[in-house]
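In: Give me a 3D structure for the following:
(chains A, B and C)
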Amino acid sequence: METYILKDFDIQQIHRSGQCFRMEQTGEDIFRVLAKDRYLEIAQTGEECCFFCTEEEFESFWKQYFDLDRDYGEVKRSIDSRDIYLREAAQKGWGIRILKQDMWEMIVSFLISQQNNIPRIRKCIQNICEKYGEKRISDNGIIYYTFPTPSALSGAAEEDLRACNLGYRSKYVLETAKRVADGEVDLEEIEDMDYPDAKQELLKLYGVGEKVADCICLFALHHLEAFPVDTHIRQALDKHYPNGFPHKKYMGNQGILQQYIFYYELFFR
DNA sequence: CGCCAGGGGAGCT
DNA sequence: AGCTCCCCTGGC
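Out: Numbering: from 1, shown residues only, chains lettered A, B, ... in the order given. Alright, predicted model coming up:
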């Protein structure tokens, strides 16, 4: 276990921002994070964060996962002082970070996210992990499941995915899993592309539209210029930016600002 | 009980 | 670009 002092980091806000559907709050200040086949517990009081892992794991994986080398304070300071709404949103979501998550997990998660709400998305992901993932036991004896691989999901029956509560999204997950498992779609290739090319490739996947492609670009590929527009963001933009969001002004960091707005709309509107 | 929305997208016209 | 339908659970 290692303790770190982290600025602009709040694990509860990150949890509530709904980027990661395999994160849960297990105590007042304790959180559990599953990523790829890893398991982590975090306890946070103020800026003091206990990561229940070795320093090596922290340095080689979690530091990157939580984007801890980026100065989010700088992004917040770049916000136009006349933009009261955005300043307020960034202030409320001061501890949010854009996670760098696994691409396959994000593809499946956001295929499932459409016309769905966050608690239900969590349940769906949990269902497919328990059914198609691998059972593991953490160092402290907690049973958890890894995220199912493309080939594990490609072998599923559509009916069984529906039984996991995916509904009509089952066919999207199944079809995409097959294409990735077959090698027809090469995820590693997409990982090396810039934002416009990666998005264009992702749009070719069955069930992936503008919004889902942007979520994958932002939360997996870490293209911070991606700005996913969902129903909440749409409403906020119509209300606060009738002439459009000032993308040029914030070029390269719009994704971070999107998360501030999303979080603000969800919990403070 | 009905109605509606919840981090959309495909398949039509 | 605009429509309809896809599914289904929870809230009112």
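In: so does stretch A:77-94 get close to DNA strand B?
Out: No - in this structure, stretch A:77-94 remains apart from DNA strand B according to Cβ under 7 Å from any atom of the strand; the gap is never smaller than 11.5 Å. Placement of C-beta: from N, CA and C, glycine included.
In: cool, and stretch A:219-230?
Out: Yes - Stretch A:219-230 is in contact with DNA strand B by Cβ under 7 Å from any atom of the strand, via A:228, A:230.
In: gap between the two ends of that stretch?
Out: Using Cα to Cα, to the nearest Å, one end of stretch A:219-230 lies 15 Å from the other.
In: Mind listing residues that contact that stretch?
Out: The set of residues that contact stretch A:219-230 without belonging to it, under Cβ atoms under 8 Å, 6 or more residues apart in numbering, is A:19-20, A:67, A:98-103, A:105-107, A:110, A:190-191, A:194-195, A:198-199, A:210-211, A:214-215, A:217-218, A:233, A:237, A:245, A:247, A:251-258, A:262.
In: Please identify the buried residues of that stretch?
Out: Burial within stretch A:219-230, assessed by neighbour count using 16 or more other Cβ atoms under 10 Å, is assigned to A:219, A:220, A:221, A:222, A:223, A:224, A:225, A:226, A:227, A:228, A:230.
In: Relative to DNA strand C, which of those is nearest.
Out: Using Cβ to the nearest atom of the strand, the shortest approach to DNA strand C within those belongs to residue A:230, at 14.8 Å.
In: Filter the contacts of stretch A:219-230 down to the buried ones, PyMOL style.
Out: Selecting only the buried entries of the contacts of stretch A:219-230 in PyMOL, with 16+ other Cβ under 10 Å as the criterion:
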select buried, chain A and resi 19+20+67+98+99+100+101+102+103+105+106+107+110+190+195+198+199+211+214+215+217+218+233+237+245+253+254+255+256+257+258+262
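In: sec struct for whatever residue of the stretch 1-150 of chain A ends up closest to DNA strand C, please.
Out: Per Cβ to the nearest atom of the strand, the residue of the stretch 1-150 of chain A with the smallest distance to DNA strand C is residue A:115, at 5.4 Å. When classified by DSSP: H, G, I helix; E, B strand; the rest coil, residue A:115 comes out as coil.
In: What parts of the stretch 51-200 of chain A come near DNA strand C?
Out: Applying Cβ under 7 Å from any atom of the strand, we find that the stretch 51-200 of chain A lies next to DNA strand C at A:115, A:120, A:162, A:165, A:167, A:168.
In: rerun that using 6 Å as the cut-off
Out: Neighbours of DNA strand C within the stretch 51-200 of chain A, by Cβ under 6 Å from any atom of the strand: A:115, A:162, A:165, A:167, A:168.
In: So which of these reach DNA strand B?
Out: residue A:115.
In: Show the buried residues in the residues of the stretch 51-200 of chain A next to DNA strand C.
Out: residue A:165.
In: Cross the contacts of stretch A:219-230 against helices and list the overlap.
Out: When DSSP state H is applied, those are split such that A:103, A:105-107, A:110, A:190-191, A:195, A:198-199, A:210-211, A:214-215, A:217-218, A:233, A:237, A:254-258, A:262 fall in helices.
In: before we move on, the earlier item: so of the buried residues of stretch A:219-230, which two are at opposite extremes in space?
Out: Maximum pairwise distance in those, criterion Cβ to Cβ, is 19.3 Å, between A:222 and A:230.
In: follow-up on the earlier one: out of the residues of the stretch 51-200 of chain A next to DNA strand C, list just those in helices.
Out: Within those, residues falling in helices by DSSP H are residue A:162.
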